[in-house]
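In: next one to model:
(chains A and B)
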Amino acid sequence: MIKKLICIECPKGCVLSVETEEGKVIAVSGNECPKGARYATSEIENPLRVLTTTVLARGLCVKMVPVKTDRPIPKDSLSEAMTAIKRIRLQKSVRVGEVVLEDLLGLGIRVIATRDVLSEE
Amino acid sequence: MVERDLVIVGGGPAGMAAALAAHEAGITDILLFERDQHLGGILNQCVHTGFGLGYFHEVLTGPEYADRFAKKIRETPEIEVSLKSFVVHLTRDKELTFLKPGLLERVKARALIMATGCRERTREMVHIAGTRPAGIFSAGLAQKLINIEGLLPGRRVVIVGSGDIGLIMARRFFLEGAEVKAVIEIRKESRGLLRNIVQCLDDFNTPFYTSHKVAKIYGRDRVEKVKVVKVDDRLNEIPGEAFEIECDTVLISVGLIPENELIEMAGLAIDKKTNRPVSAELNKTAIDGLFVCGNAFQVYDIADSVSRDSEIAGRLAAEYLRGVS
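Out: Numbering: from 1, shown residues only, chains lettered A, B, ... in the order given. Modelled structure (predicted):
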């Protein structure tokens, strides 16, 4: 079976032709770089997304602190992950890359800050 | 009046890249104005990924991308950053008047780079009929409310136009638990990047109507519904093809326009249609030593391109200063 996908790895948006057999990818064409082939395989067999959102700050110089998952997570768990991340209240200063949640949904994924928030109110 | 070698207006991706490039080219007296209380400009509210692939060869979020430049600037004592500083007047001789909490001051720039970015086109510019209730936001304003202020502007959303910010906000509203009823694009194809159609609409089964327009907004105090009509190739309404969508929020994502009121005040010609400075060459203007870069010069799709081209403005300013000294 041939499936058409649009690669999301970079702004180019290559149109990929993906040949699958029993849910497995056997050939990819239309990609201008190796990332496209990796994306196609993952997208068919186990679609993943990096989740970016914000968490509430308390007593810091900003109201919200932007965060992301340190690796892509299964697309199906995005909403559940949002619920877990919404429970976080950040009360201490953080640096870019610092972990704000250690093990998201038991996936072994960390949620990290994407902005320095150094000063308190 | 105090005179500075190089003054830069705007501490977003354009201004920061221009400042660092000018410093690298040998300029040691740089004053950078930013109206917000942090450097970074619009990048601070762009919490999604997709930045940095061109410039840093890695995928970053907006705040991370801004942080890379802001840190370098803080490590460069020759670049003085003036936050909460809003330039309100500019003359042909490159004299600037700026506001800072408790201050109204003037400074003369030997060379000047305007990196003032762009703003969003509004509902008024696309002529949507109807009432003027609460619940109508530009996509970027909604982004600021959610990502910076922590406020959710609505629960049932229709997005007018498929610019990248609108698409990004479709995903953001969905993830925040709102219902994105539809994205309505008047043209035959999306205005935004294809990958944003995939990861911001298709991922969440959000309805996307091309060749449609929102013809009317209904609601007394708050938005209640919109009327959507199908349009033909010449963007004219096709009779009998209208339907309504109930919603409490309308986001407008119909493009960006460069912000160039200050250089216009200084006497430079502005293209009335695009709001770009009239210019034959990248970043240059008809005033010697006055440069415009980033989204103020032309609206870019990608922040990485803004950084790259704004570095050229930094080098042009350095070249100019060497020439006149």
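
In: please count neighbours and contacts with C-alpha atoms only from this point.
Out: Noted.

In: how much space between the most far-flung residue of chain B relative to its centre and B:V228?
Out: When distances are taken from the C-alpha mean of chain B, B:G240 lies farthest, 37.4 Å away, according to C-alpha atoms, centre = their mean. Between B:G240 and B:V228 the computed distance is 11 Å (C-alpha to C-alpha, to the nearest Å).

In: just the buried positions in the helix or strand where A:A84 lies, please.
Out: Secondary structure assignment for A:A84, by DSSP states H and E: helix A:78-86. Buried residues in helix A:78-86, counting neighbours by 16 or more other C-alpha atoms under 10 Å in any protein chain shown, are found at A:L78, A:A81, A:M82, A:I85.

In: stretch B:63-80 too?
Out: By 16+ other C-alpha under 10 Å, the buried positions in stretch B:63-80 come out as B:P63, B:E64, B:Y65, B:A66, B:D67, B:F69, B:A70, B:I73, B:E78, B:I79, B:E80.

In: what about chain A: which of those touch it?
Out: B:P63, B:E64, B:D67 (C-alpha under 8 Å from any C-alpha of the partner chain).

In: identify the residues contacting the lengthiest helix in chain A?
Out: Secondary structure of chain A per DSSP state H: the longest helix is helix A:34-45. When contacts are defined by C-alpha atoms under 8 Å, 6 or more residues apart in numbering or on different chains, helix A:34-45 is touched by residues A:5, A:7-9, A:14, A:16, A:18, A:23-25, A:28-29, A:31, A:48.

In: ok, back up a step: now the ones next to chain A among the buried residues of stretch B:63-80 as TSV including secondary structure and pLDDT?
Out: TSV is the format used below for those (DSSP: H, G, I helix; E, B strand; the rest coil; pLDDT from 0 to 100):
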residue	secondary structure	pLDDT
B:P63	helix	98
B:E64	helix	98
B:D67	helix	97
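
In: related to what we said a few turns ago, tell me which element the residue farthest from the centre of chain B is part of?
Out: Assigned by DSSP H and E, B:G240 falls in strand B:237-246.

In: which other helices and strands does the helix or strand just after that strand contact?
Out: The helix or strand immediately downstream of strand B:237-246 is strand B:249-252, counting by DSSP H and E. Applying 3 or more C-alpha pairs under 8 Å, 6 or more residues apart in numbering or on different chains; DSSP states H and E, we find strand B:249-252 packed against strand B:136-138, helix B:139-147, strand B:156-160.

In: out of these, nearest to chain A?
Out: helix B:139-147 (6.2 Å; C-alpha to the nearest C-alpha).

In: tell me what the closest one is packed against?
Out: Under the contact definition 3+ C-alpha pairs under 8 Å, 6+ apart, helix B:139-147 sits against helix B:164-175, strand B:249-252.

In: got the CA coordinates for that helix in PDB?
Out: What follows is helix B:139-147 as a C-alpha-only set of coordinates in PDB (Å, rounded to 0.1, in the frame of the first residue of the first chain):
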ATOM      1  CA  ALA B 139      -4.100  35.000  16.600                       C
ATOM      2  CA  GLY B 140      -0.900  36.500  18.100                       C
ATOM      3  CA  LEU B 141      -2.800  38.300  20.900                       C
ATOM      4  CA  ALA B 142      -4.500  35.000  21.800                       C
ATOM      5  CA  GLN B 143      -1.000  33.400  21.800                       C
ATOM      6  CA  LYS B 144       0.200  36.100  24.200                       C
ATOM      7  CA  LEU B 145      -2.900  35.700  26.500                       C
ATOM      8  CA  ILE B 146      -2.400  31.900  26.700                       C
ATOM      9  CA  ASN B 147       1.400  31.600  26.800                       C
END
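
In: what angle do it and helix B:164-175 make?
Out: Angle, helix B:139-147 to helix B:164-175, by axes from the mean of the first three to the mean of the last three C-alpha atoms, to 10 degrees: 30 degrees.

In: buried ones in helix B:139-147?
Out: B:A139, B:G140, B:L141, B:A142, B:Q143, B:K144, B:I146, B:N147.

In: chain neighbours aside, what residue packs nearest to the second one?
Out: For B:G140, ignoring the flanking residues on the chain, the nearest one in space by C-alpha to C-alpha, 6 or more residues apart in numbering or on different chains is B:I165 at 6.5 Å.

In: what about the one you found, distance to B:P258?
Out: Counting by C-alpha to C-alpha, the gap from B:I165 to B:P258 is 16 Å.

In: number of nearby residues for residue 52?
Out: Just so you know, I chose chain A. For A:T52, the neighbour count with other C-alpha atoms under 10 Å in any protein chain shown is 23.

In: chain B is the one I meant
Out: If we define neighbours as other C-alpha under 10 Å, then B:G52 has 22 of them.

In: any idea of the pLDDT on it?
Out: Note on B:G52: pLDDT of 97.

In: just to revisit the earlier point, pick out whichever of the buried residues of helix A:78-86 sits closest to chain B.
Out: A:M82 (6.8 Å).

In: enumerate every residue touching the closest one.
Out: A:M82 neighbours (C-alpha under 8 Å, 6+ apart): A:T53, B:L175, B:E176.

In: at 6 Å instead, please
Out: If you count contacts by C-alpha atoms under 6 Å, 6 or more residues apart in numbering or on different chains, A:M82 has none.

In: same question for A:T20.
Out: Shown in contact with A:T20 (C-alpha under 6 Å, 6+ apart): A:M1, A:I26.

In: so it, which of the three states?
Out: strand (DSSP: H, G, I helix; E, B strand; the rest coil).

In: returning to what we had before: neighbours of the residue nearest to B:G140, how many?
Out: As a measure of burial, B:I165 has 22 neighbours, counting by other C-alpha under 10 Å.

In: how about the one 5 residues further on?
Out: As a burial measure, the neighbour count of B:A170 was computed by other C-alpha under 10 Å and equals 29.

In: try B:F56
Out: Applying other C-alpha under 10 Å, I find that B:F56 has 12 neighbouring residues.

In: on that earlier part again, separation between the residue nearest to B:G140 and B:A313?
Out: As judged by C-alpha to C-alpha, B:I165 and B:A313 stand 26 Å apart.

In: same check, this time on B:E237
Out: 44 Å.

In: those two: which has the busier surroundings?
Out: Higher neighbour count among B:E237 and B:A313: B:A313, with 31 against 18, using other C-alpha under 10 Å.
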